[in-house]
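**Q** Provided below are the primary sequence and the corresponding predicted coordinates.
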Amino acid sequence: VGVAIDTLADMEALFDRIPLDKISTSMTINSPAMVLLAMYIVVAEKQGVSAEQIMGTIQNDILKEYVARGTYIFPPRPSLRLITNIFQWCSTNAPKFNTISISGYHIREAGSTAAQEVAFTLANGLTYVQTALDAGLALDDFAPRLAFFFNASSNLLEEVAKFRAARRLWAKLMKERFQAKKSSTMMLRFHTQTAGSSLTAQQVDNNIVRVTLQALAAVLGGTQSLHTNSRDEALSLPTEESVRTALRTQQVIAHESGVADTVDPLAGSWYVEQLTDAVEQEALELINRVDEFGGVVACIENGFIAGQIEDAAYQYQQEVESKERLIVGVNAFQTEEENSVPLLRVDPAGEDQQVEVLARVKAERDQEEVRRCLAALETAARSDSANLMEPVLAAVRCYCSLGEICDVLRGVFGEYRGRAW
């Protein structure tokens with residue numbers, strides 16, 4: 001679902017002539033986040049840039065994978081260990097790097113309501129905080145580097161209220177549960193992406209309007225950064241023209257609309273304030289239910305969170321099919337003929353080229369060093385007290401592949417198969 005990164009050689013090619021002391025990089029990577037972060041750090045080293053200088057974010061949010069997205073490898077508890085190891089290592093060695101982006105985006109894309117998106121995202125965040133505290137980290141050392149990632153859907157005022165409620169509720173929870181005192185520890189900094197699942201294959205130009213409304217909601221709700229999807233999202237990877245239109249949508253909002261000229265521009269609206277209170281209250285009730293069931297990991301194992309999301313998705317689809325909920329161009333205002341849309345076609349030869357690169361790297365590396373590094377990683381993984389960041393860095397430096405490193409961890413941690421609810 002992104003750039004093919006098999007070994008350090010791929011990361012070196014990706015960031016060739018890009019100065020890693022000057023730019024910030026966001027990586028949507030979760031289960032193998034430690035490995036990709038290690039590759040990024042080693043590329044920086046080869047540029048003469050220390051880990052202390054690098055800036056960016058790894059998503060590194062494994063909990064939502066078990067209930068909404070599905071790209072997990074290991075069971076929840078060893079996965080939380082990997083995340084905590086990253087917190088520990090980066091708090092000392094890479095203090096400018098955001099070590100997690102706690103994601104509600106995929107929860108919403110899986111079919112949750114706005115309040116469920118807030119509830120389950122913040123519940124995951126609380127779990128990461130408690131896990132780090134249990135491992136001996138100081139709250140103010142890691143919490144200011146937490147970041148969040150939300151979805152912006154099409155109900156403009158509900159989305160604005162959702163963002164306002166999430167920010168207010170996170171601050172309260174951090175203060176009341178963990179006695180946070182620094183404002184940076186209580187701050188909910190978030191990125192927003194417009195809702196891919198809301199975009200339709202029918203009448204694709206309507207998607208430009210949807211994305212504009214969604215992006216506007218994110219800005220009115222106080223997002224710190226924004227991604228606007230392309231109009232052809234439902235059909236293919238975007239064409240260059242579609243990407244440009246998505247970018248221009250952001251730029252018109254930023255530079256022509258005036259909505260970014262003031263903080264929280266809809267504050268004081270009776271309706272928005274009431275919606276904010278309602279979303280916050282519903283989200284808090286769901287968080288309390290998660291606590292009653294034993295926490296997020298228990299709710300992954302017993303199916304509570306996934307069941308809540310699936311029920312909401314089913315209800316939404318029933319409303320669409322009964323036309324209680326109208327989707328322009330899909331179940332209302334249809335046209336007889338659809339215009340053909342130019343689509344991006346990816347050359348399948350790219351797969352063969354990537355396989356050739358990987359084979360060449362494996363043939364040219366020091367095989368004895370590879371065996372030594374992978375054995376050291378296995379030993380560290382079997383020790384509950386070892387931080388795995390250093391052995392992963394060593395494995396990356398000798399061009400062990402992502403698959404080889406994850407296979408070693410699979411052998412120790414096992415592989416999560418999920419369950420039928």
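**A** Arrived safely, thanks for sending. Treat the numbers as computed from the prediction; the structure is a model and nothing was measured.

**Q** any idea how far stretch 85-94 is from the chain center?
**A** Distance, stretch centre to chain centre, for stretch 85-94: 19 Å (Cα atoms, centre = their mean, to the nearest Å).

**Q** average pLDDT for it?
**A** Here stretch 85-94 scores 95 as its mean pLDDT.

**Q** repeat that for stretch 216-235.
**A** Averaged across stretch 216-235, pLDDT comes to 96.

**Q** report the buried residues of that stretch.
**A** 216-223, 226-235 (16 or more other Cβ atoms under 10 Å). Heads up, the C-betas are built off the backbone N, CA and C, glycines and all.

**Q** dump it to PDB, restricted to CA.
**A** What follows is stretch 216-235, C-alpha atoms only, in PDB (Å, rounded to 0.1, in the frame of the first residue of the first chain):
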ATOM      1  CA  LEU A 216     -13.100  22.900   5.300                       C
ATOM      2  CA  ALA A 217     -14.400  21.000   8.300                       C
ATOM      3  CA  ALA A 218     -10.900  20.000   9.300                       C
ATOM      4  CA  VAL A 219      -9.600  23.600   9.200                       C
ATOM      5  CA  LEU A 220     -12.600  24.900  11.100                       C
ATOM      6  CA  GLY A 221     -12.000  22.200  13.700                       C
ATOM      7  CA  GLY A 222      -8.400  23.200  14.200                       C
ATOM      8  CA  THR A 223      -6.300  20.600  12.400                       C
ATOM      9  CA  GLN A 224      -2.500  21.100  12.400                       C
ATOM     10  CA  SER A 225      -2.000  19.500   9.000                       C
ATOM     11  CA  LEU A 226      -4.200  18.200   6.200                       C
ATOM     12  CA  HIS A 227      -4.300  15.800   3.300                       C
ATOM     13  CA  THR A 228      -6.900  16.200   0.700                       C
ATOM     14  CA  ASN A 229      -7.900  13.000  -1.300                       C
ATOM     15  CA  SER A 230      -8.100  13.000  -5.100                       C
ATOM     16  CA  ARG A 231     -11.400  12.800  -7.000                       C
ATOM     17  CA  ASP A 232     -10.500   9.400  -8.600                       C
ATOM     18  CA  GLU A 233      -9.900   7.800  -5.200                       C
ATOM     19  CA  ALA A 234     -12.700   5.200  -5.700                       C
ATOM     20  CA  LEU A 235     -11.300   4.100  -9.100                       C
END
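
**Q** which residues does the lengthiest strand in the chain contact?
**A** Ranked by number of residues, the top strand in the chain under DSSP state E is strand 146-152. Residues outside strand 146-152 that contact it (Cβ atoms under 8 Å, 6 or more residues apart in numbering): 57, 59, 61, 98-105, 107-109, 117, 121, 125, 128-129, 159, 162-163, 166, 170, 188-195, 214-215, 217-218, 221, 223.

**Q** check stretch 173-185 too.
**A** Leu122, Leu126, Val129, Leu133, Leu139, Asp140, Ala143, Pro144, Met186, Ile287.

**Q** state the pair within the residues you listed that is farthest apart.
**A** For the contacts of stretch 173-185, the farthest-apart pair by Cβ to Cβ is Asp140 and Ile287; their separation is 22.9 Å.

**Q** of these two, which one has the most company?
**A** Ile287 (19 against 12; other Cβ atoms under 10 Å).

**Q** correct me, but the more buried one touches Ala115?
**A** No. Taking contacts as Cβ atoms under 8 Å, Ile287 lies outside contact range of Ala115: 10.3 Å.

**Q** any idea which element the residue located most distally from the centre of the chain lies in?
**A** Using Cα atoms, centre = their mean, the residue of the chain lying farthest from its centre is Glu336. It sits 38.6 Å away. Glu336 is part of no helix or strand when elements are defined by DSSP states H and E.

**Q** look up how far Leu173 lies from it.
**A** 52 Å (Cβ to Cβ, to the nearest Å).

**Q** go on, His227?
**A** Using Cβ to Cβ, His227 is found at 26 Å from Leu173.

**Q** can you give me the neighbour number for Ile23?
**A** Counted with other Cβ under 10 Å, residues neighbouring Ile23 total 11.

**Q** so what's Glu378 up against?
**A** By Cβ under 8 Å, 6+ apart, the contact list for Glu378 reads Val408, Gly411, Val412.

**Q** quick one, what contacts the first one?
**A** Going back to what we said before, that points to Val408. Applying Cβ under 8 Å, 6+ apart to Val408 gives the contacts Leu374, Leu377, Glu378, Ala381.

**Q** wait, is Gly56 part of a strand?
**A** Yes. With DSSP: H, G, I helix; E, B strand; the rest coil as the criterion, Gly56 is located in a strand.

**Q** quick check: beta-bridge partners of it?
**A** Beta-bridge pairing for Gly56 (DSSP bridges): Thr25, Phe97.

**Q** test my guess that it contacts Tyr40.
**A** Yes. If you go by Cβ under 8 Å, Gly56 and Tyr40 touch, sitting 7.4 Å apart.

**Q** can I take it that Ile102 is in a strand?
**A** Yes. Counting by three-state DSSP, Ile102 falls inside a strand.

**Q** surely it meets Asp61?
**A** Yes. Between Ile102 and Asp61 there is a contact under Cβ under 8 Å: 5.2 Å.
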